[in-house]
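J.: Structure of the sequence below:
(one chain, ligands or ions: 1)
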Amino acid sequence: MWRVFADADALRDVVSGLVEPWHDQGVTRVVGIESRGFLLGGAAAVSLAVGFVAVRKSEGLLPGAKVTVDAEEDYRGLSHRLRMQDVLTPRDRVLLVDDWAERGSQARAARHLVERSGAAFLGISVLVDQLSSAARTELGRVTALVTADELGQPPG
Ligand SMILES: O=P(O)(O)OC[C@H]1O[C@H](OP(=O)(O)OP(=O)(O)O)[C@H](O)[C@@H]1O
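T.: Below you'll find the model as predicted:
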């Protein structure tokens with residue numbers, strides 16, 4: 001995935017595709033999950049002319065008041081404690097941006113963080129949608145550039 005971001009045209013097209021379905025949805029903040037969600041969410045926030053809020057998976061610095069949630073296992077079977085600075089307000093309408101959603105556990109946990117802050121969680125925008133129909137129902141509106149099925153198997 002990082003190789004895609006190294007190409008200027010591909011990066012521009014990816015960010016454009018992520019935000020295109022959300023231009024008229026009244027988004028006031030973008031939330032992005034570490035690490036690829038930082039890059040894509042930041043770029044999407046600039047494109048939508050709104051602020052960006054980071055959700056950290058690791059132990060990296062995140063000063064000040066925070067909300068925290070233990071996410072269910074992700075697609076690799078890893079369990080992360082997600083942390084977000086407590087900067088959202090009840091007036092915020094939040095879009096989550098990430099590169100890939102499979103189990104949806106990180107996105108669900110991010111939704112909890114957003115809603116615990118009193119903000120409205122609108123949905124998620126991802127490059128690749130590999131969600132089951134059950135996982136999809138808990139994430140609001142889901143938009144994606146491509147499904148995992150459409151990607152197919154990588155060559156050789
Ligand atoms: O839908 P789930 O099964 O919960 O998994 C989704 C998460 O997995 C990927 O992150 P990854 O762990 O690969 O980290 P990275 O962005 O730091 O590479 C992706 O960026 C999501 O954050």
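J.: pLDDT weak spots in the protein?
T.: Along the chain, the model assigns pLDDT under 70 to residues 153-156.
J.: Helices of that one, residue ranges please.
T.: Under the criterion DSSP state H, the chain contains helices at 2-5, 8-19, 36-48, 105-116, 133-136, 148-151.
J.: Could you export the ones you listed to CSV, including columns for distance to the ligand and mean neighbour count?
T.: C-beta: built from backbone N, CA, C; applies to glycine. Formatted as CSV, the helices of the chain follow (distance: least, Cβ to the nearest ligand atom, whole Å; neighbours: other Cβ atoms under 10 Å):
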stretch, distance to the ligand, mean neighbour count
helix 2-5, 8, 11
helix 8-19, 13, 15
helix 36-48, 4, 21
helix 105-116, 4, 22
helix 133-136, 8, 12
helix 148-151, 11, 11
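J.: export the ones you listed to CSV and tack on distance to D98?
T.: Below are the helices of the chain laid out as CSV (distance: least, Cβ to Cβ, whole Å):
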stretch, distance to D98
helix 2-5, 13
helix 8-19, 9
helix 36-48, 4
helix 105-116, 7
helix 133-136, 13
helix 148-151, 14
